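**Student:** Give me the fold of what follows.
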Amino acid sequence: MRMVSEAQLGRVLGGLPGTPRVVTSGNFATPWQALTAVDKALSQYRLFALNAQAGVPDRDGVTLESPFIGPGMRRSPRVRYLPCRLSLVPSLLKGPLPPDVVVVHTSAPANGTVSLGTEVNILPAAIEAVRSRGGLVVAQLNPSMPYTYGDAVVAEDEIDFAIEADVSLPSPVARPAAAVYQAIGDRVAALVPERATLQLGIGAVPDAVLSALAGRRGLMVWSEMFSDGVLALEQAGALDPEIPVTASFAFGRSELLAWMDRNPRVRMLRTEKTNDPGLIARQPAMVSVNGALQVDLFAQANAARVHGMIYSGFGGQTDFVVGALHSPGGRAIIALPSWHPRAGVSTVVPRLAGPVTSFQHSFIVSEQGTAAIWGHDASSQARQIIGQVAYPSVRGELQAAARDLGFSGDWS
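**Tutor:** Residues are numbered from 1 along each chain as shown. Next comes the predicted model:
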């Protein structure tokens, strides 16, 4: 690993031929200083990141690439969406989408290693792919990045160039939970048994679920990601102290980052492990909780598109739904509000107009109630979704749609 200034790094990158593909840390571990050096050095390049945050380079000459679109790429005319389960993204990087440069955000060096800290995810696969073809690995070293264990640990000799940047890690803006999300959280928590293994996604619903689980005991975490709510469970004594919290990325407030730093209770693994449906299925009583933008009367969920436009992507939802259904005592739960207040529309529709993200769930939950999906015939599923998940004012039209769609029973 060679320490360089940002200007020196720019000169190295400026010598790259063609239109290189740059893979970088996403979420709230974006290496902003190193990424700025990349953008200044290259007139044209492809930028590959998961859940890119606002502020990533978005200009003529930059092609944005991602299997999971974040706010930094959403609605950009330069975005190239790559439909893919998160567990298979490493195969993209080792196959049809090879990187030329990988830019990571790491801890300060320790004993000849650095740690990817809060963002492991697809980065180990990206590093392996770029090194196999003679590309560059660039690190932004930051003493504020927690040193985490597992697949997060990278030997210094795996890194070609490094810059130093002592900056605080950003985190999502904390917002008070609305009553609708608290109601959903309580309903979902009622479906979580003692000693369950948890996977929760991003957003107000998962946060509300975690808050409602503080009184449980013996809970475990095997998840794509986690945030402040998991630390709250740890502090409440809800987590099994003998089982490490296992995830692929994390973000949260400074208290969470401090807890993660050099903590053997936290194990950060690469995406191929955390999101492998076979490994997920081995976790006892795996309860997967994910959100959706819409569900339909066929119990299908759309978590990726709004009005035909890509909003996010598959993410890990498909991986965890399948894995949870095969876990002994496992449950796959989709949770969402019954009404979209900004758009003024129901989130329950007769039939999804766009691609299906996941299907065959155990339960669908809204603030209105809970529909038990698994083990019920299709007409019973539709009846429960209408009567216990949908917003009351749209139930009549949904009943009429159910009749037109061929669901059996009395829909008068």
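
**Student:** who does the host helix or strand of residue 273 touch, helix- and strand-wise?
**Tutor:** According to DSSP states H and E, residue 273 maps onto helix 271-274. If contacts are counted by 3 or more CB pairs under 8 Å, 6 or more residues apart in numbering; DSSP states H and E, helix 271-274 sits against helix 89-94. Yep, even glycine has a C-beta here, placed from its N, CA and C like the rest.

**Student:** Please identify the pairing partners of the helix or strand that comes right after the helix it packs on and their relative orientation?
**Tutor:** Next helix or strand after helix 89-94 toward the C-terminus (DSSP H and E): strand 101-106. Each strand paired with strand 101-106, and its direction, by DSSP bridges: strand 21-24 (parallel), strand 136-141 (parallel).

**Student:** got those as a markdown table, with distance to residue 62, mean pLDDT and mean neighbour count columns?
**Tutor:** A markdown table is the format used below for those (distance: least, CB to CB, whole Å; pLDDT from 0 to 100; neighbours: other CB atoms under 10 Å):
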| stretch | distance to residue 62 | mean pLDDT | mean neighbour count |
| --- | --- | --- | --- |
| strand 21-24 | 9 | 98 | 26 |
| strand 136-141 | 17 | 98 | 24 |
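
**Student:** Residue 148: which of the ones you listed is closest?
**Tutor:** When these are compared by CB to CB, strand 136-141 sits nearest residue 148, at 14.9 Å.

**Student:** Reformat the strands paired with strand 101-106 as JSON lines; add distance to residue 198.
**Tutor:** Shown next, in JSON lines, are the strands paired with strand 101-106 (distance: least, CB to CB, whole Å):
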{"stretch": "strand 21-24", "distance to residue 198": "29"}
{"stretch": "strand 136-141", "distance to residue 198": "31"}
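
**Student:** Among the ones you listed, which comes closest to residue 247?
**Tutor:** Across those, closest to residue 247 is strand 21-24 (CB to CB), at 19.7 Å.

**Student:** how far out from the middle of the chain is that closest one?
**Tutor:** 19 Å (CA atoms, centre = their mean, to the nearest Å).

**Student:** what stretches of the chain score poorly on pLDDT?
**Tutor:** 175-177, 412 (pLDDT under 70).

**Student:** now the helices: where do they sit in it?
**Tutor:** Counting by DSSP state H, the chain has helices at residues 6-14, 32-41, 89-94, 123-132, 179-189, 204-212, 228-236, 254-260, 271-274, 277-281, 317-326, 378-384, 395-404.

**Student:** need the ones you listed in CSV with distance to residue 73 and mean neighbour count, can you?
**Tutor:** Listed next are the helices of the chain as CSV, based on distance: least, CB to CB, whole Å; neighbours: other CB atoms under 10 Å:
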stretch, distance to residue 73, mean neighbour count
helix 6-14, 21, 16
helix 32-41, 13, 20
helix 89-94, 15, 20
helix 123-132, 17, 22
helix 179-189, 26, 20
helix 204-212, 22, 23
helix 228-236, 25, 19
helix 254-260, 25, 18
helix 271-274, 19, 23
helix 277-281, 27, 18
helix 317-326, 19, 24
helix 378-384, 35, 19
helix 395-404, 34, 16
